[in-house]
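Novice: below is the sequence, then the predicted model.
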Amino acid sequence: MNNLKKYIQNNKDRFVNELIDLLKIPSISADANYKDAVLKTADAVKTSLEKAGCDAVEICETPGYPIVYGEKFIDKKLPTILVYGHYDVQPADPIDLWDSPAFEPVIKKTEIHPEGAIFARGACDDKGQMYMHVKALEFMIQNNTLPCNVKFMIEGEEEIGSPSLEWFVKRNQEKLKNDVILISDTGMISNQQPSITTGLRGLSYVEVEVTGPNRDLHSGLYGGAVANPINILAKMIASLHDENNHITIPGFYDKVIDLTDAERTEMAKAPFSLENYKKALDIAEVYGEKGYTTNERNSIRPTLDVNGIWGGYTGEGAKTVIASKAYAKISMRLVPDQNPDEITNLFKEHFEKIAPNAVKVTVKPHHGGFPYVTPIDNIGYKAANKAYTETFGVPAIPQRSGGSIPIVALFENELKSKSILMGFGLDSDAIHSPNEHYGIFNYLKGIETIPLFYKYYTQMFTK
């Protein structure tokens with residue numbers, strides 16, 4: 001694969017500049033004000049797939065934002081790889097915490113990325129990782145080394161829970177028919193130690209509203225006599241964990257599959273420095289469910305977190321009011337075999353039950369998704385491991401991720417395919433946060449590794 005390394009080196013600047021152009025478009029799917037930017041990004045992805053060499057590319061309409069579909073067929077007797085990614089990004093908020101504007105990409109050198117990293121919203125999640133696949137295809141077609149058929153399905157609603165994807169998949173099963181699904185929307189342990197994500201947590205996301213009096217009240221005239229929704233919401237949220245940080249919702253853990261001691265021992269082999277972890281986050285101590293390590297807490301255990309809380313007066317200066325309403329957004333990360341719909345219902349029943357009569361509570365479900373685990377004995381995993389081993393010089397480590405990609409379970413149910421999660425991002429890349437970035441090393445290493453997956457998967461499939 002010397003030709004591959006040479007091709008990447010010769011085209012490095014172009015690859016980086018093309019990604020930067022894509023990152024300049026603020027494709028924020030959560031905010032309707034950015035609709036034109038999201039659609040512009042879909043057009044840009046379509047153009048990039050056409051230039052890379054796909055035979056057919058189309059923008060497929062959905063009830064929401066469109067899905068970009070492309071394909072390149074070699075021979076129907078050969079396997080077909082379906083590449084999934086997304087072109088939408090998270091909002092940039094809080095904007096004032098960015099060192100440089102979120103949609104004006106800049107390259108900076110860091111301790112972890114001495115070769116430089118691109119700082120911009122979507123750099124790692126998922127434009128940078130998605131675009132690696134486009135450039136990998138370009139290399140294979142330009143050098144006549146594409147060993148199998150390939151399809152692309154790049155959506156624009158992942159960051160809002162992929163509400164239109166199931167609709168699209170169910171209506172296009174023949175179009176999307178494949179032998180394996182390849183996704184780069186996860187990370188790896190380090191630039192020296194690759195890993196393959198073999199499990200994802202599911203998700204239940206809700207918004208709660210606590211209502212007290214019919215209007216905001218003077219806190220002097222009514223304080224102490226009328227329920228304060230903010231105070232009550234804070235108490236209710238605090239009660240959702242006990243002194244061991246165990247979630248107190250009845251039935252919440254009933255379907256959780258506990259890992260065996262042998263599985264936990266194998267998982268513990270992944271290199272991890274607790275001191276470096278705390279230093280990177282600037283925290284004095286870690287915090288979580290009693291009886292589990294940090295890596296277990298953020299991957300194989302379910303969680304409940306408040307993602308936002310508000311109510312009353314939050315402007316400059318003072319305003320002495322008892323707010324009429326208080327709100328919170330709450331997410332629960334789930335593990336096998338928890339069902340997101342069941343968990344949402346359990347939360348709703350419990351939250352309404354613990355509310356005092358002095359307030360009214362509304363629980364509004366948002367999106368959710370099932371947890372997922374892929375076996376390490378299938379040829380997709382083995383091909384990915386061989387590819388990583390060749391480009392990094394060491395075998396990859398199987399690793400459970402704390403994140404959620406709800407559509408992975410959907411793909412298995414509807415398309416009957418396993419998903420291989422070949423991520424190249426790092427935990428330090430600040431996805432969903434200010435100063436998100438993606439290492440140029442990681443970007444180019446992904447372009448180098450992906451064609452090897454095609455090669456080894458095809459060899460194993462046709463053996």
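Specialist: Structure received.

Novice: Three-state assignment for N191, please.
Specialist: coil (DSSP: H, G, I helix; E, B strand; the rest coil).

Novice: burial count for the closest residue to it other than its chain neighbours?
Specialist: Nearest residue to N191, sequence neighbours excluded (CB to CB, 6 or more residues apart in numbering): F441, at 6.0 Å. C-betas here are computed from N, CA, C, even on glycine. Look at F441: counted by other CB atoms under 10 Å, it has 16 neighbours.

Novice: just to be sure, F441 is in a strand?
Specialist: No - F441 is assigned helix when assessed by three-state DSSP, not a strand.

Novice: settle this for me: it is touching H113, isn't it.
Specialist: Yes - look at F441 against H113 with CB atoms under 8 Å: they come within range, at 6.5 Å.

Novice: list the buried residues for the helix-or-strand element of the chain with minimal mean pLDDT?
Specialist: Ranked by mean pLDDT, DSSP states H and E, the weakest helix or strand in the chain is helix 261-267, scoring a mean of 83. The neighbour-count check on helix 261-267 (16 or more other CB atoms under 10 Å) flags M267 as buried.

Novice: list the contacts of the next helix or strand after it.
Specialist: Going down the chain from helix 261-267, the next helix or strand is helix 274-281, by DSSP states H and E. With contact meaning CB atoms under 8 Å, 6 or more residues apart in numbering, helix 274-281 is reached by 284-286, 294, 427-428.

Novice: ok, now with 10 Å
Specialist: For helix 274-281, the external contacting residues (CB atoms under 10 Å, 6 or more residues apart in numbering) are 112, 273, 283-286, 293-295, 427-428.

Novice: in helices, which of those residues fall?
Specialist: 294-295 (DSSP state H).

Novice: tell me if I'm right that A396 and F424 touch.
Specialist: No - applying CB atoms under 10 Å, one finds A396 not in contact with F424, separated by 11.3 Å.

Novice: between the two, tell me which one has more neighbours.
Specialist: Neighbour comparison, A396 and F424: the larger count goes to F424, with 27 against 23 (by other CB under 10 Å).

Novice: which among the contacts of helix 274-281 count as buried?
Specialist: Here, 16+ other CB under 10 Å leaves 112, 293, 295, 428 buried among these.

Novice: shared neighbours of A396 and F424, which are they?
Specialist: 188, 194, 388, 449.

Novice: all strands of the stretch 301-450 of the chain, in order?
Specialist: If DSSP state E, counting those that start in this stretch is used as the criterion, the strands of the stretch 301-450 of the chain fall at 303-311, 321-322, 325-334, 360-369, 372-373, 397-400, 419-421, 437-439.

Novice: return the fourth one as CSV; C-alpha atoms alone will do.
Specialist: Just to be clear, that refers to strand 360-369. C-alpha atoms of strand 360-369 as CSV (Å, rounded to 0.1, in the frame of the first residue of the first chain):
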residue,chain,number,x,y,z
LYS,A,360,-48.0,20.2,38.2
VAL,A,361,-45.5,18.2,36.3
THR,A,362,-45.3,17.5,32.6
VAL,A,363,-42.8,15.1,31.1
LYS,A,364,-42.2,15.4,27.3
PRO,A,365,-40.3,12.6,25.6
HIS,A,366,-37.8,13.6,22.9
HIS,A,367,-35.7,11.1,21.0
GLY,A,368,-34.2,7.8,22.1
GLY,A,369,-32.4,4.7,20.8
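
Novice: relative orientation of that strand and strand 325-334 in degrees?
Specialist: 30 degrees (axes from the mean of the first three to the mean of the last three CA atoms, to 10 degrees).

Novice: can you list the buried residues in strand 360-369?
Specialist: Under 16+ other CB under 10 Å, the buried positions of strand 360-369 are 361, 363, 366-369.

Novice: dump those into JSON lines; add pLDDT as well.
Specialist: Output for the buried residues of strand 360-369, formatted as JSON lines (pLDDT from 0 to 100):
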{"residue": "V361", "pLDDT": "98"}
{"residue": "V363", "pLDDT": "98"}
{"residue": "H366", "pLDDT": "91"}
{"residue": "H367", "pLDDT": "83"}
{"residue": "G368", "pLDDT": "86"}
{"residue": "G369", "pLDDT": "86"}
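
Novice: ok, and what's touching the least confident helix or strand of the chain?
Specialist: Here helix 261-267 makes contact (CB under 10 Å, 6+ apart) with 258-260, 292-293, 295-296, 299-300, 397-400.

Novice: list the contacts of the nearest residue to I420 once chain neighbours are set aside.
Specialist: Among residues not flanking I420 along the chain, G380 sits closest, at 4.2 Å (CB to CB, 6+ apart). Each residue near G380 by CB under 10 Å, 6+ apart is listed here: 81, 179-182, 196, 374, 417-422, 453, 456-457, 460-461.
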